[in-house]
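**Student:** Sequence and predicted structure are below.
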Amino acid sequence: MEAKAAWEDEARVVAACREGDERAWAELYAACAPRVAAFLQRLAGRGSDVEDLVQQVFVECFTAIRGFRGDAPVLSWLFGIAANVARRHLRGARRRGRKAAAFGEHLTVVGADVGADPSGRVVARDTFARIEGALATLKMPQRIAWLMVEVEGMSSEEVARATGSRASTVRARLKVARESVRRALEQGTAPVATTTPGPEVVTR
Amino acid sequence: MKEKHQDTVATCRVAEAFAAGDALPIHGAELKDHARSCATCRPLLARYTAAVAAYRDESEAGVPRVPAFQRVRGAVDERGRQAGWWRGWFLPAGLVPVAAAAAVLVLLWPTARAPELEGTSQQTRPELASPPDGPTVASAGVTQVQGVVGYELDGDWRPLLAEAAVEEGAAIDTGVSGSTTVSEADVAEVDVAPRTRVRIRRWGRGSVALSLERGELTARVSPRDQGETFEIETPVARILVVGTVFVTSHHPEEGTVVRGSSGRVQVLRADGTEVGFVGPGESLRVPVAVAEPEVAELAPTPEPAQLTPVDDHPTETVDSTIVENPVAQSEPAGVPERERKARGKPRAIVARVDVGLDGGSEEPAEMAAEPPPPLLRARALLAEGDPQAAIAVLEEASEGAPQSGRLSLLAEAYRRAGETEQAITAYETAIDRAAAGDSAELVVELASLLETAGRGDEARRQLEAYLEAHPDGRAAATAHVRLARRAASDGRDGEALSHWRAVLDDHANTAHAPEALQRVGQALLARGDYAGAGRLFESFVEARSARMAETALVGLMTARYGAGELGEVLRLAGRYEERFPDGRRAAEVAALLERARARVTGP
């Protein structure tokens, strides 16, 4: 779960990548790309072209890896790059007036009672929608901090290093994000993801 | 389940970490169990942790397949071709002077650098910094920063922080009171004085090149092997080094001055013609417009504390620095007895300010013979214990539009005279008139006075406002410490702890860090989190500061003792004795060792 658990032989592979060993590049890509893709999808939303974003992240990575000193897990470094790539992508999408398409378009949020459908799947989707809704109200750095710590298992110090922030700033962001998620979970009326239009309770 | 379920909000480390914005100390099934059974966490975390796990699982579904590696590989090649096109286009620039070539490199970097790698600058390096077949480029690190220091790369400015990596092509700009040291083991250590702008053109084991645009650098260079170079370029000179200690300063009107402390330095003009060598105790000046360099022996200098702030006497402060140099220790002639008394015992530190804005004499003896300006007189009077006389001097000098430097000294004089309210007013005015980066110490002093005057809430507001505006400011660590102490005395332990943590996280190189480490570690120990305390202390055991390392080592021993790892305690005690034979906490270590031995041998 943790960022450092990319694979056992990380140091050797990263060292070979720095030397320009293409097999090592492929190994690093195979080990890390799926995690990076999942992170990007959570961050940029399902409407985004995650494939393109993953490519951008690894182009940045292989261009700059010669200078990566290996004093942090490579995955946390990649998440730092991915955060910037996603940020640029969302900025661009916003400029093109497609913010909703870029993030959270699957959130057509309606008022519904979670208890109305007892199946586990619906509950999970309800939870997912609540958290997505809460994340959507956050500022990008807060969202990044929450995803990196709560979902990717990074420490606040690792997040600070990956995002160029101070650890205390990361903690402050995480605090806000947690509170927002917690509030969303405690709300009596659940914002459930659905394809059926209904009374909107959370919008972006 | 090891957790004590009677935890309270104040003592449950999971709940506390959650509330503080920290990563939770336990995960998975352990966290689930804890969240269910801990009275504190149940209402706070039970649903939250389950929901996060559900979110993680749900969001894993539907992640698209990643593109094939070959597609990514092709895109990397394409990026390389684009960079190569620019590189090829600029190659003829090799025919133009070195400075122009350096400028071209600087222009090229943005194309090779991973764009907008915000926050990864310490880990990534521009492609051009290290040619594909060349050796790995060494990285210069910032070992200390005083005051506010700017760091520019590709036109993007940000504050320079201690322990940051400095990239090739970057510029460092110190303000009026900022300074920093850039170094790398086995290469060099370079002190950047206040009012200096320097660009790192190259930094590697085999080749270091710095461009000094203004100000002063002190370089301590490791011995060079054959073919290895260390050079500093100014607009009018190039200085080549073979393992030495020297100072270079440059002023646009006065030219470049090189002073040697040990070893020898070769000095060339910008056009490559040789000017000469500078040895220990010698200085050499390459003027902007004068053909012949001036070589002279180093003249003695007063203590840095005697240098007059720029607002009073600019000729004394421009490009000044000190270097250790046993060559000359005599007192400059003409220094008034009162100042000499105030100065105390002279140190073996010399190297005189070379540049005068008025174009006058560079002889320190002549400069010192001038009547001392009000600030200097006032300082001497304060040192003599006569604050009332200092107040008189400063009040007279501050008529009209008083400057911040005089006002702050006036405030200090009022304080020493016991006139607290007057001192507060003077500090407030001084802060208003000071440049943003120069008000740091004044704010701290003001807060201290407000506390003394029983206006603790105002003191707190001042410090919080300062931290809000200058989280990395020169006095930020001190402000956190003051706030932490006040919070602790008011019983706001959580708030106190967060200030101590901020000192540890963001100002670990300051003198306050050992106390912060002690306080945070003690809090962990007090709640029985020996593993957490152990991790915390262990991370500072190799700290550069001896006091920090000593605090960490003793803390680690205590944590190990608490965890019942008695063998570790014995091992760490041996390490302590080895590293700190006359350590200040030796008695404490001995007592701990005795207790550990007693537990090992049993009753």
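**Tutor:** Cool, got the structure.

**Student:** Just say helix, strand or coil for B:Tyr200.
**Tutor:** Quick fix: residue B:200 reads Ile, not Tyr. Assigned by DSSP: H, G, I helix; E, B strand; the rest coil, the conformation of B:Ile200 is strand.

**Student:** my bad, should have said B:Ala23
**Tutor:** Using three-state DSSP, the structure places B:Ala23 in coil.

**Student:** Now it. Its backbone dihedrals?
**Tutor:** The phi and psi values for B:Ala23, taken as degrees, to the nearest 10, are phi -60, psi 140.

**Student:** That one against B:Ala17, yeah?
**Tutor:** Yes. With contact defined as CB atoms under 8 Å, B:Ala23 counts as touching B:Ala17 (6.9 Å). The C-beta positions use only the backbone N, C-alpha and C, and glycine is treated the same way.

**Student:** Tell me if the helix or strand where B:Ala533 lies is near chain A.
**Tutor:** Using DSSP states H and E, B:Ala533 sits within helix B:530-538. No. If you take CB under 8 Å from any CB of the partner chain as the test, helix B:530-538 misses chain A, and the best it gets is 10.5 Å.

**Student:** what's the distance between the residue of chain A found nearest chain B and A:Ser76?
**Tutor:** Distances between chain A and chain B by CB to the nearest CB are smallest at A:Gly164, namely 1.9 Å. Noted for A:Gly164: a distance of 12 Å to A:Ser76, by CB to CB, to the nearest Å.

**Student:** ok, these two, which is more surrounded?
**Tutor:** Set side by side, A:Gly164 and A:Ser76 show more neighbours around A:Ser76, with 24 against 19, by other CB atoms under 10 Å in any protein chain shown.

**Student:** tell me the SS of B:Thr180?
**Tutor:** Following three-state DSSP, B:Thr180 is assigned to strand.

**Student:** so where does the spatially closest residue to B:Val541 that is not a sequence neighbour fall, helix or strand?
**Tutor:** Among residues not flanking B:Val541 along the chain, B:Ala552 sits closest, at 4.6 Å (CB to CB, 6 or more residues apart in numbering or on different chains). Using DSSP H and E, B:Ala552 sits in helix B:546-562.

**Student:** Give the other helices and strands that that helix contacts.
**Tutor:** In terms of contacts (3 or more CB pairs under 8 Å, 6 or more residues apart in numbering or on different chains; DSSP states H and E), helix B:546-562 is packed against helix B:513-526, helix B:530-538, helix B:566-579, helix B:586-601.

**Student:** Tell me the buried residues in whichever strand or helix holds B:Ala484?
**Tutor:** Using DSSP H and E, the element containing B:Ala484 is helix B:476-489. Buried residues in helix B:476-489, counted by 16 or more other CB atoms under 10 Å in any protein chain shown: B:476-488.

**Student:** of the residues you listed, closest to chain A?
**Tutor:** Checking these against chain A with CB to the nearest CB, the nearest one is B:His480 at 9.7 Å.

**Student:** my read: the closest one touches B:Ala496, true?
**Tutor:** No. Assessed by CB under 8 Å, B:His480 is found out of contact with B:Ala496, at 9.9 Å.

**Student:** Show me the shaky parts of chain A.
**Tutor:** A:1-8, A:47-48, A:92-124, A:188-204 (pLDDT under 70).

**Student:** That one: strands as residue ranges?
**Tutor:** Secondary structure of chain A (DSSP state E): strands at A:109-112, A:190-193.

**Student:** what's the distance between A:Val181 and A:Ala162?
**Tutor:** 21 Å.

**Student:** Would you mind telling me which of the two has the busier surroundings?
**Tutor:** Neighbour comparison, A:Val181 and A:Ala162: the larger count goes to A:Ala162, with 30 against 23 (by other CB under 10 Å).

**Student:** number of nearby residues for the nearest residue to the more buried one once chain neighbours are set aside?
**Tutor:** The spatially closest residue to A:Ala162, leaving aside those adjacent along the chain, is A:Gly80, at 3.3 Å (CB to CB, 6+ apart). Residues lying near A:Gly80 (other CB under 10 Å) number 27.

**Student:** mind checking how far B:Val63 is from B:Ala170?
**Tutor:** Distance from B:Val63 to B:Ala170, by CB to CB: 38 Å.

**Student:** who does the longest strand out of those in chain B touch, helix- and strand-wise?
**Tutor:** Determined from DSSP E, the single longest strand within chain B is strand B:207-221. Other helices and strands packing on strand B:207-221, by 3+ CB pairs under 8 Å, 6+ apart, are helix B:98-112, strand B:188-192, strand B:197-203, strand B:229-233, strand B:245-251.
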